[in-house]
Structure formats: C-alpha cells, structure tokens
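Colleague: with the input below, show me the fold.
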Amino acid sequence: MKPLDPNVFRFAAISRRRRAPRAAAFTLIEVVATLLLISIAMPVIMSGISLSTRAGGIARRRAEAGALAESKLNELVSTGLWQSTLQGDFGTDDPWKDYTWTAELNPWSQSMGVNGSNVVQELDLHVNWKENNAEQHADVSTLVYQSASSQ
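Modeller: Sure thing, here's the model as predicted:
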C-alpha cells in the first residue's frame, strides 16, 4: 500500500474554500429588469391616484352643495322668505364663498285653488358653483302653500 501524500488533503481543503457558497445578491440584469418594470408601472399608478383624488374632490363639492341647498331650502320655507328673496350666496367665509343659489316658484298643476289659482306651488332651489371652468349645480325642490291672504 502506498502512503498518502499530505498535499492531497491540502489541495482538497483549498478547493472546498473556493467553492464556499456566495453571499445572496441580485445580478445586474435582475436590477435593470426591475427598474424597467417600475418605470413602466409608475406613470399608470400615478395617473390612477390623480384620477381618484379628482373624483373625490368632485364628490365632496357635490355633497357640500347638496347640504347647502337643503339647508337654504329649509330656511326659506321656515321663515317665509321664499315669497320675496329668490337669490343670494352663502357668505364670504372661505368654505362657502364659491357657492351661490337661486330659487324659483313654479305652478304645481295638481293643486288648483279658488278661481283656478294655484294654492300649492313648487319651490325649486339651485346651488351653483364653478369647477374646472365649468358651471356645476345641485337642485332641490319642495312644495309650498301660499295662503289666500298673500295672493
């Protein structure tokens, strides 16, 4: 039997050290592919966020206009001002300064009073505002009774 050469073991240990597992890392092609995918997806994502923000703003303005219209209509009916005041604004305070309102009385054909006069009329209130250089509006209506003394 031949004696074992001590250099064989040393060579095996060196080759094992060379084949030691590498640290986990991304290759250059993986990084470039990821950056390309992000550069394609980012404008689409930002466009979607912008669109949803704009839609949320429009919905908020419509909800505010509806609440203002309902409030003003209740005020006109409860105070009786619907018989004299038919337009105005909501003040110069910052949240409501862009909104204006107009009201109109229309005959309600289903209610005819004495001598064919309308006793009940329809009161339509329109709240107007500008958004993106376009006129927007919200409308509410109710029926009002006009007494014989005020005709």
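
Colleague: show me where the protein dips below the pLDDT cut-off.
Modeller: Confidence mapping of the chain against pLDDT under 70 gives the ranges 1-22, 110-118, 147-151.

Colleague: ranges for the strands of it?
Modeller: Ranges of strands within the chain are 87-89, 100-107, 120-131, 134-145, based on DSSP state E.

Colleague: packing partners of the third one?
Modeller: In other words, strand 120-131. Helices and strands touching strand 120-131, by 3 or more CB pairs under 8 Å, 6 or more residues apart in numbering; DSSP states H and E, are helix 28-79, strand 100-107, strand 134-145. C-beta here means a position set from N, CA and C on the backbone, and glycine is covered the same way.

Colleague: separation between Ser52 and Ile40?
Modeller: To Ile40, Ser52 is 20 Å away according to CB to CB, to the nearest Å.

Colleague: can you check Val140 too?
Modeller: Val140 is 47 Å from Ile40, by CB to CB.

Colleague: more crowded one of these two?
Modeller: Val140 (19 against 9; other CB atoms under 10 Å).
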